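> Sequence and predicted structure are below.
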Amino acid sequence: MFLGTYEKQLDGKRRLQIPQEFRTAVSGVELGVFCLLSVTDDCLEAGGDALTELYEQRIDALPFGGEERDALEEAFYGGQRQLSYDGGGRITLPESLCEAAGLGADVVVIGKGKRFQIWDKAKFVSRNPGRRALADRVLKGVA
């Protein structure tokens, strides 16, 4: 599982040091992660087999050839990149993904169970107010 929140920096080559705990949590990707532009948030999403299985279950539940399935297939399969770790445990994020997610040099890597997200730090901080209160309401069944 991907747990925790980490503040990191992208270097000039868009390399990102992935937390050690995240590197050992990935299964199914030989020495790396799958990464794509998030379908639901203004960030990147990454993970291994568990993330792939989540998307595949959603895709398989939709009618073959339907517009919704096609859109999700394009977003997931078409937008996905397999990124390998270098000797220092870093991945190099493609420029196109960084631009699409609006990532600057300062980023936040946040664990979300079977996946993790990579946010521009300023975007992450600006969206955070109220998130804890929303989580509390959801947990209590009030949301």
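Right, received. Where do you want to start?

> Count the residues that sit near Arg90.
19 (other Cβ atoms under 10 Å). Yep, even glycine has a C-beta here, placed from its N, CA and C like the rest.

> Chain neighbours aside, what residue packs nearest to it?
Nearest non-adjacent residue to Arg90, counting by Cβ to Cβ, 6 or more residues apart in numbering: Arg15, 4.4 Å away.

> got the end-to-end distance for stretch 37-56?
16 Å (Cα to Cα, to the nearest Å).

> quick one, what contacts the closest residue to Arg115 other than its chain neighbours?
Once flanking residues are discounted, Arg115 sits nearest to Gly47: 4.0 Å by Cβ to Cβ, 6+ apart. Counting by Cβ atoms under 8 Å, 6 or more residues apart in numbering, Gly47 makes contact with Phe2, Val26, Val33, Phe34, Lys114, Arg115, Phe116.

> Val108 is in contact with Leu10, isn't it?
No - between Val108 and Leu10 there is no contact under Cβ atoms under 8 Å: 11.5 Å.
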